[in-house]
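Asks: Need a 3D model of the sequence below.
(chains A and B)
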Amino acid sequence: KAGVTQTPRYLIKTRGQQVTLSCSPISGHRSVSWYQQTPGQGLQFLFEYFSETQRNKGNFPGRFSGRQFSNSRSEMNVSTLELGDSALYLCASSLFGQSSYNEQFFGPGTRLTVL
Amino acid sequence: GESVGLHLPTLSVQEGDNSIINCAYSNSASDYFIWYKQESGKGPQFIIDIRSNMDKRQGQRVTVLLNKTVKHLSLQIAATQPGDSAVYFCAENQPYNTDKLIFGTGTRLQVFP
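Replies: Numbering: from 1, shown residues only, chains lettered A, B, ... in the order given. So this is what the prediction gives:
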């Protein structure tokens, strides 16, 4: 069974640009959650999608958005990039959702560097 | 942010010894806890979980202990191996906080031969 895949793995952008990251969950998983990981703040929850609907959202500005498609693949978008957006962006998939007592499987992440 | 951003504590152990990694969680209403392992260049990997109606759960070479009185979680790794070297995170599910997982800062485990 293929794991969670994320593309691209590495990305370099400049301030003010926008970026779209992609996540393909494990086949059959309907929940995709996105996290930002930085050395200073650790792992922080961005949002969760379940069956194409945003089910939960963390405390990030509106520049961070996402969506999920009918095949459960998800994208997240960051507009007007800031230097502080440099981070590892992780997505995780699960059958029932991040807080439903079931295992979440993480992808390898996309390393975003904003110059 | 919701997770505490501090310098990563490090635990150094000799191969073959037992390791104990601790985690203090924040919300007494949290009902589900998970330990993750993250190796360099990879995403977090599920190790073991425990619900709040239990105080101990065992897996292969790992044991999680939950002390709800002091809001403390620990991960015990028996006979630590070099492949156990990684950063370990605990996560708590806060059902009354829009039902999402909150991650701890993480502990780096270094295993020496």
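
Asks: Now the residue positioned nearest the centre of chain A. Nearest residue, chain neighbours left out?
Replies: Of all residues in chain A, the one closest to the mean position by C-alpha atoms, centre = their mean is A:Trp34, 3.0 Å from it. In space, A:Trp34 comes closest to A:Leu46 once its chain neighbours are excluded; the distance is 4.1 Å by C-beta to C-beta, 6 or more residues apart in numbering or on different chains. C-betas here are computed from N, CA, C, even on glycine.

Asks: Okay, and that neighbour sits in which element?
Replies: Secondary structure assigned from DSSP states H and E places A:Leu46 in strand A:42-50.

Asks: what ranges do the strands span in chain B?
Replies: Secondary structure of chain B (DSSP state E): strands located at B:10-14, B:19-24, B:32-38, B:45-51, B:56-58, B:62-67, B:72-77, B:86-94, B:100-103, B:107-112.

Asks: now chain A
Replies: Counting by DSSP E, chain A has strands at residues A:5-7, A:10-13, A:19-24, A:31-38, A:42-50, A:53-57, A:64-68, A:74-78, A:87-94, A:105-106, A:110-114.

Asks: quick one on the thing from earlier: now the strands of chain B in JSON lines, please, with extra columns for mean pLDDT, distance to A:Ser94 and mean neighbour count.
Replies: Conversion of the strands of chain B to JSON lines gives the following (pLDDT from 0 to 100; distance: least, C-beta to C-beta, whole Å; neighbours: other C-beta atoms under 10 Å in any protein chain shown):
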{"stretch": "strand B:10-14", "mean pLDDT": "96", "distance to A:Ser94": "29", "mean neighbour count": "13"}
{"stretch": "strand B:19-24", "mean pLDDT": "96", "distance to A:Ser94": "21", "mean neighbour count": "18"}
{"stretch": "strand B:32-38", "mean pLDDT": "94", "distance to A:Ser94": "11", "mean neighbour count": "23"}
{"stretch": "strand B:45-51", "mean pLDDT": "94", "distance to A:Ser94": "10", "mean neighbour count": "17"}
{"stretch": "strand B:56-58", "mean pLDDT": "97", "distance to A:Ser94": "19", "mean neighbour count": "12"}
{"stretch": "strand B:62-67", "mean pLDDT": "97", "distance to A:Ser94": "19", "mean neighbour count": "18"}
{"stretch": "strand B:72-77", "mean pLDDT": "96", "distance to A:Ser94": "20", "mean neighbour count": "19"}
{"stretch": "strand B:86-94", "mean pLDDT": "91", "distance to A:Ser94": "12", "mean neighbour count": "23"}
{"stretch": "strand B:100-103", "mean pLDDT": "83", "distance to A:Ser94": "11", "mean neighbour count": "22"}
{"stretch": "strand B:107-112", "mean pLDDT": "95", "distance to A:Ser94": "24", "mean neighbour count": "16"}
